[in-house]
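Undergrad: Whatever this is, show me its structure:
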Amino acid sequence: MRAYPGISPIAWWNDDLEELSEDVSLRECLRQCRAAGFLGVENGRRFPQTPQALLPVLNEAGLRVCGGWFSGHLLTGDLEEEKDRILPQLELFRAAGAPCITYGETAGSIQGRRERPLATKRVLSEDEMRTYGHRLTAFAEWCADRGMPLSYHHHMGAVVQTGPEIEALLRHSGPALPLLYDTGHLVLAGADPLEVLDRHHARINQVHLKDVRSGILRTVNPRRESFLDAVVRGVFTVPGDGDLAFPPIVDRLAGYGYEGWFVVEAEQDPRPCPPETMARRGGATVVRLLREAGYSVVEEPWRGPDSPR
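TA: Numbering: from 1, shown residues only. Next up, the predicted model:
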């Protein structure tokens, strides 16, 4: 099985808290990503949003787009309007050979609101989740028919955060809606990553490897603190710098036959956690874990327009 190491630029430029961003150019960020051993990078807010502008910059760095966030409004929005909203990103990602678009539900979410404690997040009823899952399925089918699968991101502060919420969403949605498996968000939500993996491995089409600092995790108070408060305090970090046991997770992914991108993503303050240093640490850890699990890790920079799916 082949594995492709990727990374998110969120360690360099945080989209929710712009003050947690480093003053570094796009080309320098990409150079650091490639130097740390990554083959792909997720799309970010400082990336050009046309193929003509984006692809030459990525090709110069020897990188490809390995995913990227779309702020979805399907919980409350109109299906046809969402198709219009995602179409430019869909066309960009298709031209860039990206494997998927990360769908993040921002309607009804408090993930970007620092004044809202985690305990105040919206919880959907079974009927609301059923309606939402059906709408997401139709949207995911439409995207896949146009050559770009979605990958649904369970997320702290959003309507699908916990293990039972993931279970309910997947029960009420069809196979056209795959799951993005994010280790850090699962742990912060109080879920067991291995249990979620065992139950839903067949729906996973993208993996985010995010570590947690258990000392900080134990002190996060959801009644008083927001998701962004936890990020600022440093609850997340890259694999190899925290306390999450990754070997059984990666071993089990291999056992279930998952093949594709493993993306390092860790929201952090770049001042105490320099992005290049953390990228190198996370990259080295992930490559070692993948090899130990029996993966063939692709390491050569890209030549030509194609990217793994």
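Undergrad: Please spell out which residues along stretch 153-166 are buried.
TA: If you call a residue buried by 16 or more other CB atoms under 10 Å, then stretch 153-166 has these buried ones: 153-163, 165-166. All C-beta atoms are positioned from the backbone trio N, CA, C, and that covers glycine.
Undergrad: what's the answer for stretch 208-219, then?
TA: Residues of stretch 208-219 classed as buried: 208-213, 216-217 (neighbour count, 16+ other CB under 10 Å).
Undergrad: Check stretch 268-286 too.
TA: Going by neighbour count (16+ other CB under 10 Å), the buried part of stretch 268-286 is 268-270, 273, 275-276, 278-286.
Undergrad: ok, of the residues you listed, which one's closest to residue 44?
TA: residue 275 (12.0 Å; CB to CB).
Undergrad: The residue nearest to that closest one when sequence neighbours are not counted - how many residues pack around it?
TA: Leaving aside its sequence neighbours, residue 275 sits nearest to residue 11 (CB to CB, 6 or more residues apart in numbering; 4.2 Å). Residues near residue 11, counting by other CB atoms under 10 Å, number 31.
Undergrad: Over to residue 12?
TA: By the criterion of other CB under 10 Å, residue 12 has 26 neighbours.
Undergrad: if we can go back for a sec, wait, which of the buried residues of stretch 268-286 is closest to residue 47?
TA: Nearest to residue 47, judged by CB to CB, of these is residue 275 at 15.6 Å.
Undergrad: and the closest one, how far is that from residue 31?
TA: 12 Å (CB to CB, to the nearest Å).
Undergrad: try residue 130
TA: Distance from residue 130 to residue 31, by CB to CB: 47 Å.
Undergrad: Check residue 115 too.
TA: 37 Å.
Undergrad: neighbour-wise, which of the two wins?
TA: Shown here are residue 115 and residue 31; by other CB under 10 Å, residue 31 has more neighbours (17 against 9).
Undergrad: Can you give me the neighbour number for residue 52?
TA: 8.
Undergrad: What of the one 4 residues further on?
TA: Residue 56 has 11 neighbouring residues, counting by other CB under 10 Å.
Undergrad: Would you list the phi and psi of it?
TA: The phi and psi values for residue 56, taken as degrees, to the nearest 10, are phi -60, psi -40.
Undergrad: show me the contacts for the residue nearest to residue 275.
TA: Neighbour list for residue 11: 238, 266-268, 270, 273, 275, 278-279 [criterion: CB atoms under 8 Å, 6 or more residues apart in numbering].
Undergrad: if we can go back for a sec, nearest to residue 22, out of the buried residues of stretch 268-286: which one, please.
TA: The closest of those to residue 22 turns out to be residue 270 (CB to CB; 4.2 Å).
Undergrad: Distance check, that closest one against residue 12.
TA: Using CB to CB, one gets 7 Å for the distance from residue 270 to residue 12.
Undergrad: One more: residue 171?
TA: Residue 171 sits 37 Å away from residue 12, taking CB to CB as the criterion.
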